[in-house]
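[1] quick check, what structure comes out for this input:
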Amino acid sequence: MRIINKEEFELEQEQFFEQILKGDVYIHPTDTIYGLGANATNKKAVQKIRELKKREDMPFSVIAPSKEWIKENCELNEKVEQWIEKLPGPYTLILKLKNKDAIADNVAPGLDTMGIRIPDHWFSMVAKLLNIPLVTTSANIVGGDFMTSLDNLNIDIKSRVDFIVYEGKKKGRPSTLVDLSKEGEEIKTR
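    Numbering: from 1, shown residues only. Sure thing, here's the model as predicted:
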């Protein structure tokens with residue numbers, strides 16, 4: 001496991017992109033807190049995150065490669081389009097999925113919805129440049145403290161990820177959930 005900063009990630013970008021495409025699991029910064037990430041189209045990588053978090057079947061969110069990707073793969077209405085225009089930002093939009101092949105079936109098992117983010121953070125460019133969705137879920141075991149620095153990263157998770165992109169202590173909270181999968185909207189802060 002290797003800990004790198006933004007500059008190192010950018011210098012070796014092609015190597016890290018290859019690792020993500022092949023299924024490596026990593027910790028990444030966002031505009032809120034640190035997330036566990038992986039290629040959301042790679043079922044084995046998603047399963048590895050499930051095992052790390054001890055999270056059998058609850059859905060994971062993804063960082064979308066673009067607003068266009070969201071519009072191509074999710075059901076739209078006026079309210080959804082208004083929220084998409086607020087991205088990037090500290091929101092996770094729960095949307096109905098119209099293209100189930102857009103993500104591995106174990107990202108949101110048994111659901112016809114998925115959580116979508118475009119963080120207001122440089123790391124969102126990874127999804128954009130790879131043109132794939134990336135799993136993003138808080139870097140913790142279910143029920144544990146979410147990661148805001150290396151000091152509060154669970155040792156089991158740290159020992160089992162392939163790399164960590166670290167940029168110091170985060171002072172954020174998890175993103176706000178905006179459920180747009182039903183009529184209207186339901187907003188939940190976490």
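[2] assign residue 147 to helix, strand or coil.
    Using DSSP: H, G, I helix; E, B strand; the rest coil, the structure places residue 147 in coil.
[3] helices of this structure, residue ranges please.
    Assigned by DSSP state H, the helices in the chain fall at 6-11, 13-22, 43-53, 67-73, 78-84, 124-130, 155-160.
[4] got a list of what the residue nearest in space to the middle of the chain touches?
    The chain has residue 136 as the residue nearest its centroid, 1.7 Å off, counting by C-alpha atoms, centre = their mean. Neighbouring residues of residue 136 by C-beta atoms under 8 Å, 6 or more residues apart in numbering: 28, 30, 35-37, 60-63, 117, 119. (Each C-beta comes from the backbone N, C-alpha and C, glycine too.)
[5] now do 6 Å
    With contact taken as C-beta atoms under 6 Å, 6 or more residues apart in numbering, residue 136 is in contact with 35, 37, 61, 63, 117.
[6] ok, now residue 163?
    Listed by C-beta under 6 Å, 6+ apart, the contact partners of residue 163 are 2, 26.
[7] now render the helices of the chain as CSV, adding mean pLDDT, distance to residue 97 and mean neighbour count.
    Below are these laid out as CSV (pLDDT from 0 to 100; distance: least, C-beta to C-beta, whole Å; neighbours: other C-beta atoms under 10 Å):
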stretch, mean pLDDT, distance to residue 97, mean neighbour count
helix 6-11, 97, 30, 14
helix 13-22, 98, 22, 14
helix 43-53, 96, 15, 19
helix 67-73, 98, 7, 17
helix 78-84, 95, 12, 14
helix 124-130, 98, 17, 17
helix 155-160, 94, 28, 13
